[in-house]
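Asker: what follows is a predicted protein model with its sequence.
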Amino acid sequence: MSGRPAIGVFDSGLGGLTVLKALQAALPSEDMVYLGDTARVPYGTRSAETVIRYAQNNARTLLKTAPLKLLVVACNTVSAVALDTLRASLSIPVVGVIEPGARAALAATRGGTIAVLATAGTTRSGAYASALAGLGFTGQVVSRAAPLLVPLVEEGWLTGEVPTRVVERYAQDLPTDTDVVVLGCTHFPLLRDVVQAVVGPGVAVVDGAAATATEVKTLLGDSGSGAAPGRLRLLVTDAPEQMQGLGAVFLGRSLPQECVEAIDIEMTA
Ligand code: DGL
C-alpha cells in the first residue's frame, strides 16, 4: 500500500466487513485497512471496561500499521461504549455506527415501535434509544440481545433452519406494532434475509452501514475521487484462512491471498 493515508476500520471479527463493503462502494478510490480482532471475538458479551481496552488496542494497532486519515468503528458494541474515549485519545476523526443506524431506523419508521437486535453490551448501553431520542424520535424503542447470532455469522451459517430458529426465538416477543427492526450489530446484515423472513414483509429491516459510509464521505469530501481504485488490507488477530474464505463471501468478491495478514495485537499495540 502506498504511503498515502488510508481509512482504518475495525470490528471484533468479520461482521464489520458489512460496513467495509458500504465504504468501498461509496469511496472506491480510498485505501482501506480493516482489522478484525478474531482472536478476541465476541466483544458483545464483555464488560464496557474490557471493550474500551480492546478498542484502544485496535486503534493503536491500526495507527502503527498504516497512516490513517479517519477511523471507522465498524462495531456497534464498541460504538456504544468507547466512542468518546477513542475520540478523546486520537487526533483523527472517529466515526461510529450507532448514530447512522438510528438515522436509518428513523427514516424507515411509520410511527410504530423500533426494535433493535444487538449484542448484550449494546442492549445494556441503551445507545440506540439515546441516539433516537437525540434525533427527535419520541416513540417506543425496544432492544433485544441476540448474542448467538454472532458465532453463527463467524461460522458462515447464514441460511437454513438453525439461524431461522434462533432469530424466531429472539424476535418472538417483539411488540405487535413493530415496524422497524434495526440490525444493531455489524454481523447481523449477513442474516438480513433470515430476519426479514421471520418478521415478515410489513417490517423494515435496516442497518447503519450505508449511512455510515455517507457520513464518512461527507467528512472526507471529494478526496481521492477520480484516482485509481483504492487498495485493501485485511488484518486479523487469528485464523486468517477464515477471513480469506468468509471475507470473500461477505464482500461479494474474491480476495487476493496477499491482502489478508495475521498480526499479533499484543506485539503491535
Ligand atoms: N459486530 C459487533 C457489533 O456490531 C460485535 C459482535 C461481537 O463481537 O459480539 O456489535
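Answerer: Arrived safely, thanks for sending.

Asker: which non-adjacent residue is nearest residue 163?
Answerer: Excluding the flanking residues, the one nearest residue 163 by C-beta to C-beta, 6 or more residues apart in numbering is residue 194, at 4.9 Å. C-beta coordinates here come from the backbone N, C-alpha and C atoms, glycine included.

Asker: tell me which strands and helices the helix or strand hosting that neighbour is in contact with?
Answerer: Assigned by DSSP states H and E, residue 194 belongs to helix 192-199. Applying 3 or more C-beta pairs under 8 Å, 6 or more residues apart in numbering; DSSP states H and E, one finds that helix 192-199 contacts helix 161-171, strand 178-184, strand 204-206.

Asker: which one of these lies nearest to the ligand?
Answerer: The ligand lies closest, by C-beta to the nearest ligand atom, to one member of the helices and strands packed on helix 192-199: strand 178-184, at 7.2 Å.

Asker: who are the neighbours in contact with residue 109?
Answerer: The contact partners of residue 109, by C-beta atoms under 8 Å, 6 or more residues apart in numbering, come to 137, 139, 179-180, 204.

Asker: picking that back up, now for the residue nearest to residue 163, how many residues are close by?
Answerer: 24 (other C-beta atoms under 10 Å).

Asker: what does residue 88 give?
Answerer: Other residues within reach of residue 88, judged by other C-beta under 10 Å, total 8.

Asker: spatially nearest residue to residue 131 (excluding sequence neighbours)?
Answerer: Nearest residue to residue 131 in three dimensions, chain neighbours excluded: residue 102, at 3.7 Å (C-beta to C-beta, 6+ apart).

Asker: checking that neighbour next. Helix, strand or coil?
Answerer: Of the three states, residue 102 takes helix under DSSP: H, G, I helix; E, B strand; the rest coil.

Asker: ranges for the strands of the stretch 51-200 of the chain?
Answerer: Along the stretch 51-200 of the chain, the segments classed as strands by DSSP state E, counting those that start in this stretch run 68-73, 94-95, 113-118, 141-145, 178-184.

Asker: pull the longest helix from this structure.
Answerer: Longest helix of the chain, by residue count under DSSP state H: helix 48-65.

Asker: give me the number of residues near the closest residue to residue 69 other than its chain neighbours?
Answerer: In space, and not counting its chain neighbours, residue 69 is closest to residue 5: 3.8 Å by C-beta to C-beta, 6+ apart. As a burial measure, residue 5 scores 16 neighbours (other C-beta under 10 Å).

Asker: and if you look at residue 190?
Answerer: By other C-beta under 10 Å, 25 other residues sit near residue 190.

Asker: list the contacts of it.
Answerer: Residue 190 neighbours (C-beta under 8 Å, 6+ apart): 15, 18, 153, 158, 250.

Asker: per-residue pLDDT of it, please?
Answerer: pLDDT, residue 190: 94.

Asker: next one: it from the ligand, what distance?
Answerer: 10 Å (C-beta to the nearest ligand atom, to the nearest Å).

Asker: for residue 23, what are its contacts?
Answerer: Residues near residue 23 by C-beta under 8 Å, 6+ apart: 7, 9, 30, 32, 72, 212-213, 216.

Asker: return the subset of these lying in helices.
Answerer: 212-213, 216.

Asker: close to the ligand: what parts of the stretch 51-200 of the chain are there?
Answerer: Residues of the stretch 51-200 of the chain lying close to the ligand by C-beta under 6 Å from any ligand atom are 75-77, 119, 122, 150, 185-187.

Asker: for residue 261, helix, strand, or coil?
Answerer: With three-state DSSP as the basis, residue 261 sits in strand.

Asker: name the element the nearest residue to it once chain neighbours are set aside belongs to?
Answerer: Nearest residue to residue 261, sequence neighbours excluded (C-beta to C-beta, 6+ apart): residue 235, at 5.3 Å. Assessed by DSSP H and E, residue 235 sits inside strand 232-236.
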